[in-house]
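*Asks:* how would this look folded up:
(one chain, ligands or ions: 2)
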Amino acid sequence: MTFAIAGSLIACSTNKTTGDANYQVIPLPFEIITSEGQPFILSSDTKVVYPEGNDLMARNAEFLGDYLNLPVITSTPSDDKNIELALGLESENKEAYRLEVNENKITITGATEAGVFYGIQTLRKSTALKNSITTFAPVTINDAPRFGYRGVMLDVARHYEPVAFVKKFIDLLALHNMNRFHWHLTEDQGWRVEIKQYPKLTELGSIRNETVIGKNTGEYDGKPHGGFYTQEEIKEIVAYAQERYITTIPEIDLPGHMLAALKGYPEYGCTGGPYEVATTWGVFDDVLCAGNEETYTFLENILTEVMEMFPSEYIHIGGDEVPKVRWEECPKCQARIKELGIKGDAKHNKEHYLQSYLTARIEKFLNEHGRRIIGWDEILEGELAPNATVMSWRGMGGGIEAAQLGHDVIMTPTTNAYFDYYQTANTEHEPFAIGGYLPIEKVYSFEPAPDLLTPEQKSHILGAQANLWTEYIPTGEHAEYMLLPRMAAMSEVQWTAAEKKNYDNFLQRLPQLTNLYEKLGYNFATHVYDVQANLQPNFQTNALDVEFSTLSNSDIYYTLDGSEPTTSSIKYDGKFNVKEDGEIKAAAFSAGKINSKVFSEKLLTSKSSYKPITLLTEPAKDYGYNGAALLVDGLYGGSNYKTGRWIGFQGSDLVVVIDLLQPTEISKVDFNTNVVTGDWIFDAEEVIIESSNDNERFETVTSETGINVKDEQWQDVVSHNFTFDAVTARYFKITIKTLDKMPEWHSGSGRKAFLFVDEIALN
Ligand code: ACM
Ligand code: ZN
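*Replies:* Numbering: from 1, shown residues only. Ligands and ions are numbered 1, 2, ... in the order given. Sure thing, here's the model as predicted:
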């Protein structure tokens with residue numbers, strides 16, 4: 001960052017000066033320096049002025065003219081009372097701009113035309129809160145992005161999206177100052193890009209006969225799904241993005257995720273087929289044959305046409321989720337391994353190195369044509385292709401390793417960047433999603449360049465990206481709902497200097513942007529405007545503290561008996577507590593009308609609710625939350641184990657002592673476990689319940705071993721109920737043991753399983 005003005009001059013408030021425009025936009029600019037003086041007034045004479053002879057600046061001027069409904073002229077030097085676009089800002093950052101407003105004019109000066117474009121976006125967003133903004137307070141905004149790579153990936157292969165939606169999506173990238181459109185064009189379930197030399201790729205590969213209903217139900221909708229982009233359409237979209245300073249990076253995912261290609265060209269698979277375009281989701285064993293020389297020709301011919309359509313220096317070659325089972329059996333693949341002298345080692349087997357060989361060959365081919373590759377982090381398994389950029393999705397680890405090896409990296413970990421995940425814990429009213437839990441605050445908290453990297457290594461982190469996979473997202477409207485407003489949070493991860501990021505401040509600035517979403521006709525999620533509840537057990541009062549908040553300037557009314565809140569219900573005026581069973585409901589109201597979803601939460605208390613609890617063991621990293629208090633808060637977790645209502649353990653058991661404060665008669669202990677063996681979460685291995693009156697000598701009340709051992713994957717919320725002859729004691733120790741070694745049949749065989757529990761009820 002090369003701006004000369006010291007940080008102490010930064011003004012964080014726009015209230016001091018007059019003007020309707022609000023410069024506190026998203027992503028937050030680097031510096032907003034307000035000054036005294038009369039505002040600039042937009043009038044019927046105001047024009048957008050650009051320097052003569054620069055087509056890009058003319059296009060920039062048209063964008064601004066369209067956004068603010070102003071005429072565009074070219075004139076040098078320009079007249080006062082206009083909005084002037086200019087080049088010539090001195091900055092090392094090519095995307096930097098300065099926006100200056102005084103009584104006489106507004107000037108946007110860019111280091112390049114792209115910088116001017118971002119200045120235009122800032123000016124446009126500053127007017128979004130009201131319908132007609134006419135006054136702009138004096139200001140100087142100095143701005144430049146933190147990262148050079150600011151992307152979102154759109155998967156159009158699981159569900160095809162028409163050209164019109166792809167353009168609407170690109171408009172969203174522009175609105176959020178993003179500059180990379182990663183376009184995931186090929187998959188097992190559909191090939192979406194026309195390749196003239198191989199017409200069957202789209203003739204046969206773009207259509208699947210039907211689609212699985214829900215998640216692995218075995219039932220199908222019976223409806224063919226298809227669609228692809230002609231080369232003309234692709235070029236039109238690439239140009240549309242380019243006008244908005246967005247580079248379109250195509251992804252041809254290879255050598256896995258290739259069933260749709262193999263449908264028309266089975267000769268490039270190991271078994272020769274026949275193959276079908278996939279009608280379910282997942283990872284499929286049939287991949288391209290890496291031992292067949294013809295496969296390389298096939299890929300090179302495809303990529304030659306791809307390079308003609310996409311001027312991007314980067315071509316994404318996928319590389320994720322490539323099962324090796326066909327290669328292990330295939331005579332051609334095994335002959336190639338032998339011929340190359342490939343050997344497995346302790347870290348990777350020889351088929352991994354065969355994938356590295358294939359990737360390196362494709363990289364060499366693209367490098368020879370002046371292009372570079374990006375691959376998903378699986379390309380680190382084996383030997384990383386010499387010039388590859390790594391897209392780290394299975395967490396940050398792959399990206400960290402690649403940066404340490406001196407490779408460029410784009411961070412897009414599932415934990416912070418997978419927008420196909422649910423954005424709220426209460427999924428009952430959400431459109432069906434793949435799973436997961438990625439609320440907007442988790443997106444916002446993402447740090448793509450962690451401090452364990454040296455400054456040199458950090459310089460390899462080119463930027464960050466969000467990914468939208470569309471297995472469960474059939475329409476553009478639904479895609480918008482998953483993207484917005486999480487894209488707003490991602491845009492600050494990508495653009496805003498880390499030290500200037502602040503989530504509460506971001507939330508204050510968000511309504512201005514969502515207003516613009518609304519005006520532009522986007523479908524966005526509104527969870528941030530709902531009533532937020534903070535529910536915490538209080539061990540002094542032995543009750544549940546309840547705090548509500550809402551982003552809007554509304555009143556909150558609530559009920560405790562499950563009835564729908566109205567303006568006749570209890571008006572919220574600060575923290576209160578509850579200790580009885582019931583259902584809390586709350587909603588925000590303005591002018592007597594409800595303007596939020598109804599928040600609701602059931603409370604099911606027991607003799608252990610809100611009683612002091614001590615955790616004697618360590619929960620698993622990332623799943624400890626506020627500790628054992630959540631086990632006695634009267635709140636249950638539901639089916640999603642990631643929402644913070646389930647405490648997780650791995651490698652240590654759950655051992656707690658609950659202090660009932662006085663000798664209490666107990667004859668029943670209940671708790672739930674959340675089992676998802678596919679995610680390494682198993683049921684309890686053993687349960688021991690003990691009692692004590694001095695918290696020193698404990699006597700066993702009851703115990704059980706060998707619980708729910710199965711020899712297949714399963715998932716369920718399991719209710720554990722222990723009844724026994726009544727015991728009167730003050731302290732109860734509950735031990736729930738985790739499975740020390742996952743069974744033989746499991747992919748994590750021999751490793752320690754997780755255990756998740758949401759509540760321990762003593763009665
Ligand atoms: C991926 O999510 N398979 C890259
Ligand atoms: Zn093969």
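*Asks:* Give me the neighbour count for the closest residue to ligand 1 within the stretch 201-350 of the chain.
*Replies:* Per C-beta to the nearest ligand atom, residue 320 is where the stretch 201-350 of the chain lies closest to ligand 1, at 4.0 Å. Backbone N, C-alpha and C define where each C-beta goes, glycine included. For residue 320, the tally of surrounding residues (other C-beta atoms under 10 Å) stands at 17.
*Asks:* Same check on residue 272?
*Replies:* Counted with other C-beta under 10 Å, residue 272 comes out at 11.
*Asks:* do the same with residue 338
*Replies:* Residue 338, neighbours per other C-beta under 10 Å, totals 11.
*Asks:* Look at it and report its pLDDT.
*Replies:* Each residue has a pLDDT score; the one for residue 338 is 98.
*Asks:* Could you check how far it is from residue 179?
*Replies:* According to C-beta to C-beta, to the nearest Å, residue 338 and residue 179 sit 45 Å apart.
*Asks:* Likewise for residue 560?
*Replies:* For residue 560 relative to residue 179 (C-beta to C-beta), the value is 50 Å.
*Asks:* Of these two, which one has the most company?
*Replies:* More neighbours surround residue 179 than the other of residue 560 and residue 179, with 25 against 18 (other C-beta under 10 Å).
*Asks:* Around ligand 2, pick out the residues from this protein.
*Replies:* 270, 289, 291, 330, 332-333 (C-beta under 5 Å from the ion).
*Asks:* how about a cut-off of 8 Å?
*Replies:* The chain comes close to ligand 2 at residues 269-270, 288-292, 326-327, 330-333, 336, as judged by C-beta under 8 Å from the ion.
*Asks:* State whether residue 547 is indeed within a helix.
*Replies:* No. Membership of residue 547 in a helix is not supported by DSSP: H, G, I helix; E, B strand; the rest coil, which gives strand.
*Asks:* was I right about it contacting residue 575?
*Replies:* Yes. Contact criterion C-beta atoms under 8 Å: residue 547 and residue 575 qualify, at 4.8 Å.
*Asks:* Helices of the stretch 201-350 of the chain, residue ranges please.
*Replies:* Taking DSSP state H, counting those that start in this stretch as the test, the helices found in the stretch 201-350 of the chain are 231-243, 259-264, 293-309, 325-329, 331-340, 350-368.
*Asks:* Poorly predicted segments of the stretch 251-400 of the chain, please.
*Replies:* Along the stretch 251-400 of the chain, no part satisfies pLDDT under 70.
*Asks:* List the buried residues for stretch 554-568?
*Replies:* Buried positions in stretch 554-568, judged by neighbour count with 16 or more other C-beta atoms under 10 Å: 554-560, 565.
*Asks:* Show me which of the residues of the chain next to ligand 2 are buried.
*Replies:* 269-270, 288-292, 326-327, 330, 332-333, 336.
*Asks:* Enumerate every residue touching the residue in the stretch 551-700 of the chain that ligand 2 sits nearest to.
*Replies:* Distance from ligand 2 to each residue of the stretch 551-700 of the chain (C-beta to the ion) is smallest for residue 678, at 28.4 Å. Residues in contact with residue 678 (C-beta atoms under 8 Å, 6 or more residues apart in numbering) are 713, 715.
*Asks:* do the one 10 residues further on as well
*Replies:* Contacts for residue 688 were tallied using C-beta under 8 Å, 6+ apart; they are 700, 703, 733-735, 737.
*Asks:* Next: residue 519.
*Replies:* residue 128.
*Asks:* What's the local residue count around the closest residue to residue 746 other than its chain neighbours?
*Replies:* Once flanking residues are discounted, residue 746 sits nearest to residue 677: 6.8 Å by C-beta to C-beta, 6 or more residues apart in numbering. Per other C-beta under 10 Å, the neighbour tally for residue 677 reads 23.
*Asks:* Cool, thanks, talk later.
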